[in-house]
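Undergrad: here is a sequence together with a model predicted from it:
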Amino acid sequence: MSAVNAWGWSARTLLLLLIAVMSFSLRLFSVVKYESVIHEFDPYFNYRVTQFLTKNGYYDAWNWFDDKTWYPLGRVIGGTMYPGLVWTAGMMYNVLHFFNIPINVQEVCVFTAPLFSAFCSLAAYGLVSECRNPGAGLAAATLVGMVPSYISRSVAGSYDLEAVAIFALVFVFYTFIKTVNTGSLRWATINLLAYFYMVFSWGGYSFVINLIPIYCLACVVTGRMTSRHYLAFAPLVLTGTILAASTPVVGFNAVLMSEHFGAFLVCIVMHCTLLVRWIKALLPPRQFEYAARLLVTTGAGVMFALVLLVLGYVLRSATFGWTGRSLTLLDPTYASRFVPIIASVSEHQPPSWPSYITDLHFAVLLAPAGIMAAFRKLDNGSLFLVLYGITAVYFSGVMVRLMLVLAPAVCCLAGVAISDILTTLTASLKAGLISAGFGKAATVSTTADDESLVADDSTTTSLTVPTPVKPPSRKAARSKSKGGDEPPVLGKFGEQFFGWLSPESHPLPAPIAALGILFMLGLMMLYTIHCVGVSADMYSAPSIVLQSHRPDGSFYVFDDFREAYAWLRHNTDPETKVASWWDYGYQTTAMANRTIVVDNNTWNTSHIATVGRAMASPEAKAWRIYRSLDVEYVFVVFGGVIGYSSDDINKFLWMVRIGGGVYPEIKESDYLGEGGQYRIDEGGSPTMLKSLMYKLSYHDFAPATQKSLGMYGYDRVRQTKIGKTEVSIQLLERSNTYQFESMSN
């Protein structure tokens, strides 16, 4: 038996190692197809801070005041960012150089996300193994390692906060459930440190500090709460809040913002529940009734007073103590009505239905089956997986960015479903083969919650003579559950809907079982092909380097972004101030090393509104606004010649809306043409055609299109001829324009 257990442990270890290698390798297409380069916009800020940290040390980075951003205000870096990612990369860089491994800091940043995606798959294995069994854990780890939604933010070069935060999220949940299952103070300490790292790394820690209280409250309501839940939860709330408050970017928000109040309330409820149990154990039944009445009356009064105090504090705030992003999650229409700067971000938009299939594939179909399987034995771990999945589904429907939170939950539930299905199918096939060999009928007892034929060596398959086995009555099952370690959780309502999910199942015919196994293997093969294809084609292309196909099958690479930043770096004074829309702020400071007016941090709406006001104003007025900010260069991205749709003309209405939120003189209706539509053709509004954005974009545009496309003034993105072809700039001087080669060439 010990040899079998050792073999099973070795096999699981080897499989986990292969899964980790697969997770890492699957995210290297961007390096193979392009080069080792930082992707997107936000990662360039993290890269720049990491460069500063490795050169000047942690202390100087923590106290760094950056005067090249948000001119003339500047920015205190240590107090306005989540430093977990940067500190992690800095530590890896220092460790590698300590062992005399000469690696550039950019390479460390590029490969941080793939490395932590491998760690995340291992954390998913631990979580599902604690909640169900090792077989389900292996299935979940495989799915997490390949799921496209997670790949989209963890490919090589995606040096954003989620690179380490998703691993931290899953690892916190794993250590929490491990603490609940073991009651170990050591695991409670690890869970506390994991939560601190999560707070240190990403603002999404608020999901953790709300999901865990919801789970603990569900345990209190269903009567399953034990001292192990208290050991796991109380230090997380009390000590974890102190640690969170020690992070400068969080500070006293850990105790003053409404996102954290639910955890405090559940902590009070848990203490009251344990107090009632303790008193009940001390007093006789009659005395306990009097004490319970007194305790309930006193507790209700104290709770009422606390609720009044909290309401008084919350009602003082216009947002009721919630941040703008949190209110957007609770009310999806809030940002579009009150905070256009949040609504303008593409990743804050709701996802489309096809994106669920693209980003999750067949895992999204198996997740409901995983929830149903969890109800077969609704223990502590299964209840947590169910709540995790339900809450993640809701939040992902509000913001496409939160598909990242949903992906591990769906993969964990799908892993449970795959494990249970394969357990039943393989057990049925084995029983059918044995029955055919001995000429006897067989009955299989499979308990997929405790035993898995996928990877667990403790799987049992019992053969009995074809004697009908009467399943235990519901009354007997209820009495048995009352006498066990786990309290009953389904009740009459649950039994009515989930009573058919009995752990006792009879085998399927062997041919059907074999076909079922082949079908599941086919699904997993299709999932693998889909994930590899999505990783290679959709999520590996860096936004800063574009690529198009030529008619002969070759590729043309557009590197004009980096060339433009290089031009700024080599042809302007080091003290030059550059104005652009906030999307390009981080890249300008990181690659051009020039001072910018606004960037992607978006902490000062009025400053961004000033830039939007200038872009929406006529040239003379815009010139005065920019000169008041000491701006010498205005950076605009335009893609009307080559068909690049993510240009500033398509973002212009957001500049108008954000600018109008601070400056009432700017009205969106003034920039809408005939029929109330946003147009740049002859039906465009006069205000739009006179704006600085229009002039900077379409200056000398018509002759260029005549030369490259043979159509005078034709915009390939808007697919129309512009309304004003003769556009001249009088006060601003054009410094440099990068003419892209047409994508059709």
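TA: Ah, there it is. Numbers count the residues shown, from 1 in each chain.
Undergrad: what helices or strands is the helix or strand containing Ile19 leaning on?
TA: In this assignment (DSSP states H and E), Ile19 forms part of helix 2-25. For helix 2-25, the packing partners by 3 or more Cβ pairs under 8 Å, 6 or more residues apart in numbering; DSSP states H and E come out as helix 105-131, helix 134-146. All C-beta atoms are positioned from the backbone trio N, CA, C, and that covers glycine.
Undergrad: so Gly643, which state does it fall into?
TA: Classification of Gly643 using DSSP: H, G, I helix; E, B strand; the rest coil returns coil.
Undergrad: any idea how far Gln706 is from it?
TA: Using Cβ to Cβ, to the nearest Å, we find Gly643 at a distance of 17 Å from Gln706.
Undergrad: re earlier: contact partners of the helix holding Ile19?
TA: Contact with helix 2-25 is made by 114-115, 117-122, 125, 134, 138, 141-142, 144-146, 455-457, as judged by Cβ atoms under 8 Å, 6 or more residues apart in numbering.
Undergrad: let's see that with 10 Å instead.
TA: 111, 113-122, 124-126, 129, 134-135, 137-138, 141-147, 150-151, 154, 156, 454-458, 528, 535 (Cβ atoms under 10 Å, 6 or more residues apart in numbering).
Undergrad: buried sites along it?
TA: Across helix 2-25, burial judged by 16 or more other Cβ atoms under 10 Å covers Arg12, Leu15, Leu16, Ile19, Ala20, Met22, Ser23, Phe24.
Undergrad: can you lay out these as a markdown table showing distance to Tyr334 and pLDDT?
TA: Putting the buried residues of helix 2-25 into a markdown table (distance: Cβ to Cβ, whole Å; pLDDT from 0 to 100) gives the following:
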| residue | distance to Tyr334 | pLDDT |
| --- | --- | --- |
| Arg12 | 46 | 91 |
| Leu15 | 45 | 94 |
| Leu16 | 43 | 95 |
| Ile19 | 40 | 96 |
| Ala20 | 40 | 96 |
| Met22 | 41 | 96 |
| Ser23 | 36 | 96 |
| Phe24 | 39 | 96 |
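Undergrad: ok, the residues you listed vs Ile517, which is closest?
TA: Checking the buried residues of helix 2-25 against Ile517 with Cβ to Cβ, the nearest one is Leu15 at 18.4 Å.
Undergrad: low-scoring stretches of the stretch 201-350 of the chain, by residue?
TA: 310-311, 313-326, 328, 335-336 (pLDDT under 70).
Undergrad: hang on, I meant the chain
TA: 1-4, 310-311, 313-326, 328, 335-336, 436-506, 734-745.
Undergrad: center of it - which residue?
TA: The centroid of the chain falls nearest to Leu404 when counting by Cα atoms, centre = their mean (3.0 Å).
Undergrad: so what's that residue up against?
TA: Leu404 sits in contact with 147, 149-150, 152-154, 162, 165-166, 169, 202, 204, 347, 359, 392, 396, where contact means Cβ under 10 Å, 6+ apart.
Undergrad: now do the helices in the stretch 251-400 of the chain.
TA: Remark: helices assigned in the stretch 251-400 of the chain by DSSP state H, counting those that start in this stretch are 253-256, 261-282, 285-314, 324-330, 334-338, 340-343, 353-360, 363-374, 380-396.
Undergrad: got JSON lines for the ones you listed, with distance to Tyr678 and mean neighbour count too?
TA: Shown next, in JSON lines, are the helices of the stretch 251-400 of the chain (distance: least, Cβ to Cβ, whole Å; neighbours: other Cβ atoms under 10 Å):
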{"stretch": "helix 253-256", "distance to Tyr678": "38", "mean neighbour count": "16"}
{"stretch": "helix 261-282", "distance to Tyr678": "41", "mean neighbour count": "16"}
{"stretch": "helix 285-314", "distance to Tyr678": "39", "mean neighbour count": "12"}
{"stretch": "helix 324-330", "distance to Tyr678": "24", "mean neighbour count": "18"}
{"stretch": "helix 334-338", "distance to Tyr678": "16", "mean neighbour count": "16"}
{"stretch": "helix 340-343", "distance to Tyr678": "15", "mean neighbour count": "20"}
{"stretch": "helix 353-360", "distance to Tyr678": "25", "mean neighbour count": "17"}
{"stretch": "helix 363-374", "distance to Tyr678": "35", "mean neighbour count": "22"}
{"stretch": "helix 380-396", "distance to Tyr678": "29", "mean neighbour count": "21"}
